[in-house]
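Novice: can you look at this prediction? I've put the sequence above it.
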Amino acid sequence: MKILFLGDVMGRGGRAAIAERLPKLREDWGLDFVVVNGENASGGMGLTGDHAKLILAAGADVVTLGDHAFDQKDMLRFIESEPRVIRPLNYAKDAPGKGARLFEDRRGRKVLVTQVLGQVFMKRAFDDPFSAMDAVLRTHPLGGLAQAIVVDVHCEATSEKMAMGHFCDGRASLVVGTHTHVPTGDAMILTGGTAYLSDAGMCGDYNSVIGMDKAEPMRRFVTGMAREKFAPAMGEATLSGVYIETEDRTGRATRVVPVRVGGRLLPSAPV
């Protein structure tokens, strides 16, 4: 199976890049399944229902969220009617939506998509991500009920993301970090056959401070004072993420390649 995961979509520029580039990538790369983290797609904070529809219409099979899952209030209702949007497993217990769900690719093969929030350096203490993930993976064995499993680890600390990768090794096809908006260079296949990347990066303008227009973040760092709200940078966006190939029988990864398309980062893509 050929699977593409794209990192945090950042504002209007990120949405435009998804809408313009993802349909062609699906066709050119023969993608079977696409997951997009969309939690910053609406003004840099959260995701509206309309913007979720745009990402799905562009070719995403699933959209994951994160700690800003419900910053846009209409997502509280929208997620109940759209099963292709996944919120974190370990969010508040009464939160709407699901943190894990089985989907089908275009050939009918089952793909489990799930997401957890980290605890280290996060603003609020979410439930233990490891026990939450363990419960899901125990009931969805890789290569059995699910022919592929994609885990989105939405964390601040790279150590926590890497620990989750090893925790899921042999039980997931891909463990990929999101949240910090900076793509890492550690793509690898772990000993048990799980593809891993500490952070997928963002789908946004890299002439920025993690996707935000540079002026206000720089002012706050230099002076310690705020003048305006943060606003997403509006230059050409780079699509950032990771591509994997898996065996149908075992669900294990056979190939992992970082993806950089368009914008400012050096290009990389499966060939």
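Specialist: Cool, the structure landed.
Novice: so which residues of the stretch 101-250 of the chain form helices?
Specialist: Along the stretch 101-250 of the chain, counting by DSSP state H, counting those that start in this stretch, helices occupy 129-139, 158-168, 215-223.
Novice: just checking: what are the partner strands of the helix or strand containing V63?
Specialist: Per DSSP states H and E, V63 falls inside strand 62-64. The sheet places strand 62-64 alongside strand 33-37 (parallel), strand 85-86 (parallel), with pairing taken from DSSP bridges.
Novice: for that strand, the averaged confidence score.
Specialist: The predicted model assigns strand 62-64 a mean pLDDT of 98.
Novice: which residues touch that strand?
Specialist: 34-39, 47, 52, 55-56, 84-87, 101, 103, 113, 115, 150, 152, 154, 178 (CB atoms under 8 Å, 6 or more residues apart in numbering). The C-beta positions use only the backbone N, C-alpha and C, and glycine is treated the same way.
Novice: same check on stretch 24-32?
Specialist: With CB under 8 Å, 6+ apart, stretch 24-32 has contacts from 1-4, 34, 59, 105-107, 109, 239, 243, 261, 269-270.
Novice: which of those are buried? Put it as a ChimeraX command.
Specialist: If you want just the buried ones from these in ChimeraX, going by 16 or more other CB atoms under 10 Å, the selection is:
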select :1,2,3,4,34,59,105,109,239,243,261,270
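Novice: least trustworthy position among the contacts of stretch 24-32, going by pLDDT?
Specialist: Within the contacts of stretch 24-32, pLDDT is lowest for R106, at 89.
Novice: let's check: the centremost residue of the chain is which one?
Specialist: N37 (3.4 Å; CA atoms, centre = their mean).
Novice: so who does it touch?
Specialist: Contacts of N37 by CB under 8 Å, 6+ apart are 5-9, 63-66, 152, 154, 178, 200.
Novice: now with 10 Å, please.
Specialist: Counting by CB atoms under 10 Å, 6 or more residues apart in numbering, N37 touches 5-9, 47, 55, 60, 62-66, 86, 115, 152, 154, 176-179, 200, 202-203, 241.
Novice: picking that back up, which of the strands paired with strand 62-64 is buried the deepest?
Specialist: strand 33-37 (a mean of 28; mean count of other CB atoms under 10 Å).
Novice: and stretch 18-31, how far from the chain's centre?
Specialist: 17 Å (CA atoms, centre = their mean, to the nearest Å).
Novice: pull out the buried positions in that stretch.
Specialist: Under the neighbour-count criterion of 16+ other CB under 10 Å, stretch 18-31 has 18, 21-22, 25-26, 29, 31 buried.
Novice: any idea which of those is closest to L137?
Specialist: L31 (24.1 Å; CB to CB).
Novice: nearest residue to T254 other than its sequence neighbours?
Specialist: Once flanking residues are discounted, T254 sits nearest to E245: 5.1 Å by CB to CB, 6 or more residues apart in numbering.
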